[in-house]
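*Asks:* Following is a predicted model, sequence given first.
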Amino acid sequence: MITNFSIPELNNHDVQELWFQQYGATCHTARATIDLLKDTFGDRLISRFWPVDWPPRSCDLTPLDYFLWGYVKSLVYADRPQTLGYLEDNIRRVIADIRPQMLEKVIENWTSRLDYIQASRCSLMPEIIIKM
């Protein structure tokens, strides 16, 4: 997917300003994967063990984990799809209905989480609240 889709798609943009973040699944941190991403992003890679170490599956830090997947899943399964085709249609519909304003709020919340982390010097964050 990285070789056949992500990198060709990114070639249409200025990747010199882009950071790549992934979580720590073993296949994502395999040497071949890291080498490929390092060639594309250099030191702008956020991953386990290289070069910016990111806590794997950190729901406090990753917008996709703390908000988007749960939001999408709640809507996709609301009508209990009975076939794979219906499930796929629901996923496409829900993703297409996400508005830029919602994503802006998610990013604002994520930024406030990062500010909190910086201020707390990476201590535990039990009082972080998602603001929507």
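*Replies:* In hand now; what should we look at?

*Asks:* rest of the way, CA atoms for contacts and neighbours
*Replies:* Fine.

*Asks:* helix, strand or coil for the residue lying farthest from the centre of the chain?
*Replies:* Farthest-out residue of the chain from its mean C-alpha position, per CA atoms, centre = their mean: Q82, at 28.1 Å. Three-state call for Q82 (DSSP: H, G, I helix; E, B strand; the rest coil): coil.

*Asks:* Let me see the backbone angles for it.
*Replies:* In terms of degrees, to the nearest 10, the main-chain angles of Q82 are phi -100, psi -10.

*Asks:* Output stretch 28-35 as CSV, nothing but the C-alphas.
*Replies:* The C-alpha coordinates for stretch 28-35 follow below in CSV (Å, rounded to 0.1, in the frame of the first residue of the first chain):
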residue,chain,number,x,y,z
HIS,A,28,4.8,-1.2,10.2
THR,A,29,8.1,-1.2,12.0
ALA,A,30,9.8,-3.9,9.8
ARG,A,31,13.2,-2.8,8.6
ALA,A,32,12.0,-2.7,4.9
THR,A,33,9.1,-0.5,5.8
ILE,A,34,11.1,1.9,7.9
ASP,A,35,13.8,2.1,5.2
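
*Asks:* Flag every buried residue along that stretch.
*Replies:* For stretch 28-35, a neighbour-count test (16 or more other CA atoms under 10 Å) marks 29, 34 as buried.

*Asks:* tell me the average confidence for it?
*Replies:* For stretch 28-35, mean pLDDT is 82.
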